[in-house]
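Asker: Sequence and predicted structure below; questions after.
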Amino acid sequence: MFYDIFRSLCEKKGVSCHKAALDIGLSNATPSIWKKRNITPKGDTLAKIADYFDVSIDYLLGSETEKTPTENGERKDILDEVDVAFYGDY
């Protein structure tokens, strides 16, 4: 359920769900609505949440079991590793 992932990320970041929602630009009541109605946000909202917590949208949707690895605050592109494997240099 989306809300459980969101709540877990808030706990790890040390902010309340309502504070995180306000920081992202949402109503402070939004997390309660997600929880009560079992709603998963769409499109732009998911992107804003992913940016706020520095995770992928797939992670927010429960498709990934771990946060996307980052390098210097940027998500690492999996194609970089593919190029290395294909071309043999780094």
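Answerer: All right, it came through fine.
Asker: Just the helices from the protein, written as ranges.
Answerer: Ranges of helices within the chain are 2-13, 17-24, 30-37, 43-53, 57-60, 78-87, based on DSSP state H.
Asker: Mind putting those into a markdown table with mean neighbour count?
Answerer: For the C-beta atoms, the positions are set from N, CA and C on the backbone; glycine is no exception. A markdown table is the format used below for the helices of the chain (neighbours: other C-beta atoms under 10 Å):
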| stretch | mean neighbour count |
| --- | --- |
| helix 2-13 | 16 |
| helix 17-24 | 17 |
| helix 30-37 | 16 |
| helix 43-53 | 15 |
| helix 57-60 | 16 |
| helix 78-87 | 10 |
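Asker: In JSON lines: those helices, plus mean pLDDT.
Answerer: Listed next are the helices of the chain as JSON lines, based on pLDDT from 0 to 100:
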{"stretch": "helix 2-13", "mean pLDDT": "94"}
{"stretch": "helix 17-24", "mean pLDDT": "96"}
{"stretch": "helix 30-37", "mean pLDDT": "94"}
{"stretch": "helix 43-53", "mean pLDDT": "94"}
{"stretch": "helix 57-60", "mean pLDDT": "91"}
{"stretch": "helix 78-87", "mean pLDDT": "49"}
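Asker: Alpha carbons of stretch 3-17, in PDB - could you do that?
Answerer: In PDB, the C-alpha atoms belonging to stretch 3-17 read as follows (Å, rounded to 0.1, in the frame of the first residue of the first chain):
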ATOM      1  CA  TYR A   3       0.700   5.100   2.300                       C
ATOM      2  CA  ASP A   4       2.900   2.600   4.200                       C
ATOM      3  CA  ILE A   5       5.800   3.300   1.900                       C
ATOM      4  CA  PHE A   6       5.300   7.000   2.200                       C
ATOM      5  CA  ARG A   7       5.000   6.800   6.000                       C
ATOM      6  CA  SER A   8       8.200   4.700   6.200                       C
ATOM      7  CA  LEU A   9      10.100   7.200   4.100                       C
ATOM      8  CA  CYS A  10       8.900  10.000   6.300                       C
ATOM      9  CA  GLU A  11      10.100   8.100   9.400                       C
ATOM     10  CA  LYS A  12      13.500   7.600   7.800                       C
ATOM     11  CA  LYS A  13      13.700  11.300   7.000                       C
ATOM     12  CA  GLY A  14      12.600  12.300  10.400                       C
ATOM     13  CA  VAL A  15       9.500  14.300   9.300                       C
ATOM     14  CA  SER A  16       5.800  13.700   9.900                       C
ATOM     15  CA  CYS A  17       3.600  12.700   7.000                       C
END
